[in-house]
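Colleague: Got a predicted structure plus its sequence, pasted below:
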Amino acid sequence: MTVLPELLASGYRVGGHYPWPCAVVDETLWSAAAANLASGALTLLSLWGETGRIHMAVLAEDAPEPIAVLSLDCPDGRYPSVGALHPPAIRLERAARDLFGLDAQGSPDDRPWLDHGRWGGATPPAASYPFLPIDGAGLHQIPVGPVHAGIIEPGHFRFTASGETVVRLEERLGYVHKGVDTLLAGAQVPRAGRIVARVSGDSTVAYGLAFAQAVEAALGIVPPQRAVWLRAVMAELERIANHLGDFGAICNDASFSIMLAHCAVLRERVLRAAAHCFGHRLMMDCIVPGGVGGDLDDTGLAMLRDLVVSLADAFEPLVSLYDNAASLLDRTVTTGILKPALARQFGAGGYVGRASGRGFDARRMPGYAPYDALTFAVPVLTEGDVNARVWIRIHEIRASLGLLEQLLSGLPEGPVLMSLEDVFAGPGEGMALVEAFRGDVLIWLRIVDGHIDRCHIRDASWFQWPLLEAVIEGNIVADFPLCNKSFNCSYSGHDL
Amino acid sequence: MRDFTIQLLQMTLVLALAPLLTGLVRKVKARFQRRLGPPLIQPYRDLRRLIGKDVVMAEQASWLFRVAPYAIFGCIWVAAALVPTFATGLMFSWSGDLIVIAGLLGTARFIQALAGMDIGTSFGGIGASREVMIASLAEPAMIMIIFSVALIAGSTQLSVVADHMLTAHVGLRVSLALALVALLIVALAENARIPADNPATHLELTMVHEAMVLEYSGRHLAMIELGAAVKLLLYMSMIACIFFPLGLAGGLSGARVSVAALLLGAATYAVKLVIGGALLGTFEMSIAKMRVFRLPNFVGGALMLSLLGVLLLFVSRGM
């Protein structure tokens, strides 16, 4: 269908917005877009505010320009709610109100989200947060967190259970809010890059890549070819390391700790190779706007080649160990099923979406260099259970190893960094959609006079957290850790 | 006097050895995970550390919460005193048999479940309800196991049973094999081991035993941990003395045992514990934890096996 071009044509096209178009719309068009989101013609990519204006990024996979940003001026701080028609927008709207005071008219949920009443504003303290009411005989509530028995990030989970069966799970996030939006506003581009790289440490490469791509789009520059390929090398290394960690951790949550031990060894090999080749175990700050921070020398190249071979050899026995451990499969198969319809509605990215039939991968769609020159499989399963999410990770590790092989053999020669001194001024608006290990990370930013005027970051977790609530329904309380780990959503990337 | 010494020695021995066995199982598991693991004596250090620490009490805690750790430990220790470790002919045997052991352990669990619910946190309640669900199947299985053993040995007293098993004419029996498998399952479930529970987990929502003791600290926690360690040793000693009594010092009806026989008994006992600990560690590493609702099938299996054993014995005394 041609919903998106029509919407864009009806609105006022804004110049200086790259690489995808942006249109200023009125309330009628805004609501029409919300209705299209609800009908499934469009997919919501993000929704964010700034003073006096609200933006929404939407995706239409069949359109010639698949992504567009719609902006609505709301000088009085009010706009028609998208969440009223399309639930995935609700939390984004609540966050936009907490951060920028923009009120979504008609939203079904007017509770604060990131604001826990500790900012000195009008919001009452977190203790008085009204959780959804429950009513029914034999129901009891189990509050879990924000402080957990293990060393993990903080988040509160309010279970309503009937015996062992979960009737409802309600999440309460925002405990690691650190004011990223405000920190970024007014920051010089290099400093902003360092902040963005620290939003969610396990995805630092993906965040760095998304930020660099967005800056480059806003300034209209193209980084050197070798840098683009090196970025992909880092991104795939990060994906492999995180998937290995998740694979082991999911099994460990079913008390199959031997898998965690073996995966930790493999993950450590990846991190050490990264430290040797790029100077940092997680490759933090290695990707900068204009290229990459350092070049890969011949010893590093040889080391990564060895790594790919040795990982491929060591990984397959673990896969067959998983596939043959009946007691483990008994825990993962049919546990925590995410229905494909929900995954599609929420535009779930990464392994969450791909395990439930949504084959979206930002490397393919909208796609970015150098992946258009490489061949790789995007695994898709339809079962939607914990087992499927494990298998997506296994397939992706294999695919990433294949990608690394291609990347390392085809690495072009040339410079890896271009100076941005004379183009930093701007102004310009840019955005990027990059595939992190969790799913697509969206970064939208506006550069004015070499400073970031406004930068919005949307982690894949924004659309995965709500799905976790749906997935656990009807499962037993004791299976929540397994479901949660198979989602492995980011707290830090979500709480900003 | 000699009986008294042996009894005293055995009671001290279980207390002294129990943390070491826990340490051994942890060490075996760590080696499988390619880790060095904590030293074998780490559980002793943990106990000393816990005893030296202040106790933090929940505000809602009643007297029951404070008394429970000592009561639990007391029950388990007395139960352990009735199980022959390296020598039979325990002095306390006349006062308590296998059914008393099962009763004492049941009492300990009952107090533990009460204490778990006492402070009113949701995890205590979850842990207590899961523990009781497991116990409701494990206890009948235990009774059936006792019956099969008693039908063969002609007594429910462990010293007598062990002495009887030492004699050659017991032979291989189907009912005993069934009882052994059943007892192994019961032991895993009762001691909060994988696949019934995971003693090493940090996931509060999946805990059974740990969820009940989450609120305990300091010397209270030390008593509970020591109690759990003694319980593991108790089950291992019980399995060893009924099914593998080889080397056990003793003899029928009050015959004096030589010092050499006692030493041999102690040595074989140590070997049995090492083998048992290694097997437990290996088993735990090779299997994932069960879904909570699969547990009734697992522990119920023990009940069926033990029941079958008893039935077989009624059909034919020779089976």
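Modeller: That came through, no problem.

Colleague: B:L183 and B:A240 touch, don't they?
Modeller: No. Counting by CB atoms under 8 Å, B:L183 stays clear of B:A240, with 11.1 Å between them. No exception for glycine: its C-beta is placed from N, CA and C like everyone else's.

Colleague: Low-confidence ranges, chain B, go.
Modeller: Filtered on pLDDT under 70, chain B yields the residue ranges B:1, B:168, B:251-256.

Colleague: Check which helix or strand A:G248 maps to.
Modeller: According to DSSP states H and E, A:G248 maps onto helix A:225-253.

Colleague: just B:M57 next, same as before
Modeller: Using DSSP H and E, no helix or strand contains B:M57.

Colleague: Quick one: name the residues of the stretch 351-496 of chain A near chain B.
Modeller: Within the stretch 351-496 of chain A, the positions near chain B by CB under 8 Å from any CB of the partner chain are A:I476, A:V477, A:A478, A:D479, A:F480, A:P481.

Colleague: could you give the angle of the helix or strand following the helix holding A:G248 to helix A:225-253?
Modeller: Scanning forward in sequence from helix A:225-253 by DSSP H and E, the next helix or strand is helix A:257-278. Counting by axes from the mean of the first three to the mean of the last three CA atoms, to 10 degrees, helix A:257-278 points 160 degrees away from the direction of helix A:225-253.

Colleague: Could you tell me which strands whatever helix or strand comes next after helix A:257-278 is paired with, and in which direction each runs?
Modeller: Toward the C-terminal end, the helix or strand that comes next after helix A:257-278 (DSSP H and E) is strand A:287-288. Strand A:287-288 sits in its sheet next to strand A:291-292 (antiparallel), going by DSSP bridges.

Colleague: which residues are contacting the strand it pairs with?
Modeller: Strand A:291-292 is touched from outside by A:P223, A:P224, A:A227, A:L230, A:R231, A:M234, A:C286, A:P415, A:V416, A:L417, A:M418, with contacts defined as CB atoms under 8 Å, 6 or more residues apart in numbering or on different chains.

Colleague: next one: that strand to chain centre, how far?
Modeller: Strand A:291-292 sits 22 Å away from the centroid of its parent chain (CA atoms, centre = their mean, to the nearest Å).

Colleague: helices or strands up against whichever helix or strand comes after that strand?
Modeller: Downstream of strand A:291-292, the next assigned helix or strand under DSSP H and E is helix A:298-324. Using 3 or more CB pairs under 8 Å, 6 or more residues apart in numbering or on different chains; DSSP states H and E, the elements in contact with helix A:298-324 are helix A:225-253, helix A:257-278, helix A:326-332, helix A:386-409.

Colleague: what packs against the host helix or strand of B:A71?
Modeller: Per DSSP H and E: B:A71 is located in helix B:63-81. If you count contacts as 3+ CB pairs under 8 Å, 6+ apart, helix B:63-81 packs onto helix B:2-32, helix B:98-118, helix B:218-243.

Colleague: wait, does the second one contact chain A?
Modeller: No. Counting by CB under 8 Å from any CB, chain A has no neighbours in helix B:98-118; the shortest distance is 12.6 Å.

Colleague: follow-up on the earlier one: list only buried entries from the contacts of strand A:291-292.
Modeller: In terms of neighbour count (16 or more other CB atoms under 10 Å in any protein chain shown), the buried residues within the contacts of strand A:291-292 are A:P223, A:P224, A:A227, A:L230, A:R231, A:M234, A:C286, A:V416, A:L417, A:M418.

Colleague: got the contact list for the residue nearest to the last one when sequence neighbours are not counted?
Modeller: Spatial nearest neighbour of A:M418, chain neighbours left out: A:G290 (4.8 Å); criterion: CB to CB, 6 or more residues apart in numbering or on different chains. Counting by CB under 8 Å, 6+ apart, A:G290 touches A:A212, A:E216, A:I221, A:P223, A:A227, A:L417, A:M418, A:S419, A:L420.

Colleague: before we move on, the earlier item: could you dump the helices and strands packed on helix A:298-324 to a markdown table with distance to B:M11?
Modeller: What follows is these, written out as a markdown table (distance: least, CB to CB, whole Å):
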| stretch | distance to B:M11 |
| --- | --- |
| helix A:225-253 | 38 |
| helix A:257-278 | 34 |
| helix A:326-332 | 38 |
| helix A:386-409 | 47 |
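
Colleague: Grab the nearest non-local neighbour of A:E236.
Modeller: A:E236 sits nearest to A:S400 (CB to CB, 6+ apart), 4.4 Å away.

Colleague: Tell me how many other residues crowd the one you found.
Modeller: A:S400: 23 surrounding residues under other CB atoms under 10 Å in any protein chain shown.

Colleague: do you know how far A:Q188 is from chain B?
Modeller: Distance of A:Q188 to chain B, computed by CB to the nearest CB, to the nearest Å: 41 Å.
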